[in-house]
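**Student:** Requesting a structural model of the entry that follows:
(chains A, B, C and D)
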There are 4 protein chains.
Amino acid sequence: PQLLTPELLSGFLPRRRFDFHKGQAGRVGIIAGSRGFIGAAVLACGGALRAGAGLVTLLVKEEVYELLAAKVPPEIMVKVVKDYRDVLDMRFDALAIGPGLGFESEDEILNVIQYASMPAVVDADAITMVARTPVSVFLTSTPPRLLTPHPGEMARLVGDGSSHPRLTQAESWAQAFPGNTLLLKGARTVIATESSPTFFNTTGHPGMATGGMGDVLTGVCAALAGQGIPLHQAAGIGAWACGRAAEIAALS
Amino acid sequence: PQLLTPELLSGFLPRRRFDFHKGQAGRVGIIAGSRGFIGAAVLACGGALRAGAGLVTLLVKEEVYELLAAKVPPEIMVKVVKDYRDVLDMRFDALAIGPGLGFESEDEILNVIQYASMPAVVDADAITMVARTPVSVFLTSTPPRLLTPHPGEMARLVGDGSSHPRLTQAESWAQAFPGNTLLLKGARTVIATESSPTFFNTTGHPGMATGGMGDVLTGVCAALAGQGIPLHQAAGIGAWACGRAAEIAALS
Amino acid sequence: PQLLTPELLSGFLPRRRFDFHKGQAGRVGIIAGSRGFIGAAVLACGGALRAGAGLVTLLVKEEVYELLAAKVPPEIMVKVVKDYRDVLDMRFDALAIGPGLGFESEDEILNVIQYASMPAVVDADAITMVARTPVSVFLTSTPPRLLTPHPGEMARLVGDGSSHPRLTQAESWAQAFPGNTLLLKGARTVIATESSPTFFNTTGHPGMATGGMGDVLTGVCAALAGQGIPLHQAAGIGAWACGRAAEIAALS
Amino acid sequence: PQLLTPELLSGFLPRRRFDFHKGQAGRVGIIAGSRGFIGAAVLACGGALRAGAGLVTLLVKEEVYELLAAKVPPEIMVKVVKDYRDVLDMRFDALAIGPGLGFESEDEILNVIQYASMPAVVDADAITMVARTPVSVFLTSTPPRLLTPHPGEMARLVGDGSSHPRLTQAESWAQAFPGNTLLLKGARTVIATESSPTFFNTTGHPGMATGGMGDVLTGVCAALAGQGIPLHQAAGIGAWACGRAAEIAALS
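**Tutor:** Numbering: from 1, shown residues only, chains lettered A, B, ... in the order given. As a prediction, this is how the structure comes out:
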């Protein structure tokens, strides 16, 4: 295992060329939010924006369009979809799937996770959907996925395996689904991929134990992936930066 | 009586363990807000959030859902209930009841105050409801309640007793309803419980004489109770911290 | 004429007693906002809040309730009235009338200006209504009014008199309507009352030449009046403080 | 070509007289925003406000009125138009046309660009509309226009010419449409007018490669034009100031 340090992480972040433009900064699609859970979508969008995405589009069902259009930062575009699978025909460089989704469109979401042709961060309710699907959607999907479970969601993913140490749980999952990355939240967050050294995060504090932190992280990781950073590295930068932001907030 | 000081209060605040997670930081349910009084609910939610609650859910009637979902901070979940008594079947670690409620659902609210199985802060219109109920709901409820009246609401609670000194009023009420706590707002706020020394707050200033201060305090106390702090101590920390925050705001 | 200085103004501001409570800080009613002009109401409410009002209630017609309830700061209460004259039966310590009102309810507004039993600030469209009424509503109203016209609105009020110097215009109006106060905006703002020395403001800068400044001033003056400060003095403090705030903003 | 420097630009900014009032600071009309793209309108309005406009009015279709009225800063007026051509009969000192418009009202927008009697900034979807019109609307319009394309929009405007160097593209367009100005976004932004030296901007950084930057710039340029600054100079000040603001934001 490797500790996440600024030295290590700065090597993951591509330097933006002088003439870099928003088309190169990544188009990020966020599938999040449902009636009763709109705030999670707002937080994920904010995370993506702050992590440097070129263009962030929130994809929602009609019933929450007005609420979310009013609440997201003005830089975010909000697009109504009839079926989340419509996203499969849209051009995005990365997706974030899950915050505040609820379970009304489970089949649609599972299909997007399985078939979308770009990297995707899978979080929150979308993880639970994956966990209760008999056939793993990751066995057939080609583009990599980053799952970001908290321990409760991890238990759903690994079943009996949840009695093992956190490191073992994460690495076992990564071995079982090569090409994909697993970020297991906690103190310390563990990030595992089959072909790379496992990361331990070094930032953050117990004041982060509150709803919404994970939604922001999901948006941050998706924005980094949209800029072409591999998911394993994106997860590392995201976990470290969110924890460091919380440290700065606590001191100010 | 005991003066609230940082030394005393720091003993009340549990130290968060390194691996503390949001499930341990408390699920807080807030019953607040009605048409014409939505801001009070927003302020109570904000207070709960800033006081470190793990998850804050605002429980509202359908008619104000859209307005409140748009207005609360994105970390707050907003859930529609048909009857506030539905809360009795939900899992919360603490409740805040009252800010901006109005009187349309008086029976429902009184039932929640009486029967909810977790600690609850009772404020604003909910205090007035309690005051005009012939049989005190506190005689039969087991879990402790914290009432946070301003002097006008206190007068409704104690009737003729309102001619007595503030300290007497608070302590008499506390003796009559052992297990519960009374926070009587004013300069200086008094906090009384039958089995503990009465607290006097030492923070705050006359610039706090404005609508909304009490709503924030209610959210703060509920969040502290949700983290397992006894209501008498939660009231002490809440009153002190809100007053200190106002001092800092006045100086900046 | 007298220059407004911090020394002079500090004598106008009552010191808040240690045990001052929100009931003493003034209940302010704000009659403002209509479809297409909701921002002016928001700014007036914000001004009243920042100037220390105990409780601010925005009074609106049904059609803009949702929009304004969503947009005002959460400390503001928003109340729907069928007829603005309903305000005549409500308990307020001061009123602000005019920002963003439009002209759909002209008779109602003129009646409120004429008959409301508390001090009132009359601004914006409400000034224009007064100007085009053949019989001055101020001849019969007992409680004092503060009018806050900009030069264009002043011209409507005084007709041919608008060719006179600003000082003369303001003082003539004040002589004609004893007991009332006139604040004529400009560089330098002039404040005239029949029985008091005329004030010249000393703060502000040309960066204030933008829509919304007057709305904030109206709220500020109403909040000061609600705390028992005579309108002539409230106008002086309000004009000075808004200008000073703009100076601070320009330097930061 | 000339580099934009503070020394050069300060000569373009008129000094506000001591008694400057909002009527002299410009009435700016903003035609922006449609369902799914409301944030762009919010950003353009914010830009106009921060650049010192006297009065900013956002002109929208009924279907997005509520959303935009709730979301714009309170200083902005929002006015519903049935047909954007209604703007031709309104009194504005400058217009901004394009952010988030979509293509539903293409004929109306092209007519406004062609016939409006005041300077106008043409951006985003409005540029694309111009590009796909066989007859240039600029051949017959008298008042000057400022176009602010990014490279993709520029390619639509100049067709085969997009293989030429950026400077050539901008200057060729300016020669073809004398009296109008073209601001070609990029690192470095180029600003060309037939009768003036071409400007190169010197501020900004790759962190600006994100959606919404152009919307703000459009509002800023329109506000400057509304204060009587020629479009070529307004574009120079706007590009420089937005880039400098981004530099300051990156350092803080």
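**Student:** what does chain A put close to chain D?
**Tutor:** Residues of chain A lying near chain D by CB under 8 Å from any CB of the partner chain: A:16-25, A:49, A:52-56, A:66, A:69-70, A:72-80. Every residue, glycine included, has its C-beta placed from N, CA and C.
**Student:** switch to 6 Å and redo it
**Tutor:** With CB under 6 Å from any CB of the partner chain as the criterion, chain A comes near chain D at residues A:16, A:18-22, A:25, A:54-55, A:69-70, A:74-75, A:79.
**Student:** Return the subset of these lying in helices.
**Tutor:** Among these, the ones falling in helices (DSSP state H) are A:69-70.
**Student:** Let me know the closest of the residues of chain A next to chain D to chain C.
**Tutor:** For the residues of chain A next to chain D, the minimum distance to chain C (CB to the nearest CB) is 7.6 Å, reached by residue A:70.
**Student:** quick one, helices of chain A?
**Tutor:** A:6-10, A:38-50, A:65-71, A:106-115, A:125-131, A:151-158, A:166-176, A:213-226, A:231-251.
**Student:** Looking at these, which is nearest to residue C:93?
**Tutor:** Proximity to residue C:93 (CB to CB) singles out helix A:65-71 among these, at 34.0 Å.
**Student:** which residue sits closest to residue A:203, ignoring its sequence neighbours?
**Tutor:** Nearest residue to residue A:203, sequence neighbours excluded (CB to CB, 6 or more residues apart in numbering or on different chains): residue A:243, at 2.9 Å.
**Student:** Reformat the helices of chain A as CSV; add mean neighbour count, distance to residue C:109 and mean pLDDT.
**Tutor:** Putting those into CSV (neighbours: other CB atoms under 10 Å in any protein chain shown; distance: least, CB to CB, whole Å; pLDDT from 0 to 100) gives the following:
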stretch, mean neighbour count, distance to residue C:109, mean pLDDT
helix A:6-10, 12, 62, 96
helix A:38-50, 27, 38, 98
helix A:65-71, 22, 30, 96
helix A:106-115, 19, 53, 95
helix A:125-131, 22, 51, 96
helix A:151-158, 18, 58, 94
helix A:166-176, 19, 67, 94
helix A:213-226, 30, 46, 98
helix A:231-251, 21, 47, 97
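**Student:** Need these in TSV (columns: distance to residue C:164).
**Tutor:** As requested, the helices of chain A are exported to TSV (distance: least, CB to CB, whole Å):
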stretch	distance to residue C:164
helix A:6-10	69
helix A:38-50	55
helix A:65-71	49
helix A:106-115	72
helix A:125-131	71
helix A:151-158	76
helix A:166-176	82
helix A:213-226	61
helix A:231-251	58
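**Student:** Just want the residue of the stretch 51-200 of chain A that's nearest chain D.
**Tutor:** For the stretch 51-200 of chain A, CB to the nearest CB, closest residue to chain D: residue A:74, 3.5 Å.
**Student:** In this structure that residue contacts residue D:39, no?
**Tutor:** Yes - the criterion here is CB atoms under 6 Å, and residue A:74 meets it with residue D:39 at 3.5 Å.
**Student:** Overlap of the contact sets of the two?
**Tutor:** Listed as contacting both residue A:74 and residue D:39 by CB atoms under 6 Å, 6 or more residues apart in numbering or on different chains is no residue at all.
**Student:** Might you report the residue contacts of residue A:35?
**Tutor:** Contacts of residue A:35 (CB under 6 Å, 6+ apart): A:63-64.
**Student:** pLDDT at it, what is it?
**Tutor:** Residue A:35 carries a pLDDT score of 93 in this model.
**Student:** and it, how far is that from residue D:235?
**Tutor:** 45 Å (CB to CB, to the nearest Å).
**Student:** Quick check: residue A:80 touching residue A:64?
**Tutor:** No - contact between residue A:80 and residue A:64 fails when scored by CB under 6 Å: they sit 9.2 Å apart.
**Student:** The two: who's more crowded?
**Tutor:** residue A:64 (22 against 16; other CB atoms under 10 Å in any protein chain shown).
**Student:** Would you quantify the distance from the more buried one to residue D:40?
**Tutor:** Residue A:64 is 20 Å from residue D:40, by CB to CB.
**Student:** Pull out the buried residues from the residues of chain A next to chain D.
**Tutor:** A:16, A:20-22, A:25, A:54-55, A:69-70, A:74-75, A:79 (16 or more other CB atoms under 10 Å in any protein chain shown).
**Student:** Which ones, among those residues, also lie beside chain B?
**Tutor:** residue A:70.
**Student:** Going by distance to residue B:89, which of the buried ones among the residues of chain A next to chain D wins?
**Tutor:** For these, the nearest to residue B:89 is residue A:70 (31.5 Å; CB to CB).
**Student:** Distance of the residue in the stretch 1-150 of chain A positioned nearest to chain B relative to residue D:184?
**Tutor:** Among the residues of the stretch 1-150 of chain A, residue A:39 lies nearest to chain B; the distance is 3.5 Å by CB to the nearest CB. Distance, residue A:39 to residue D:184, by CB to CB: 40 Å.
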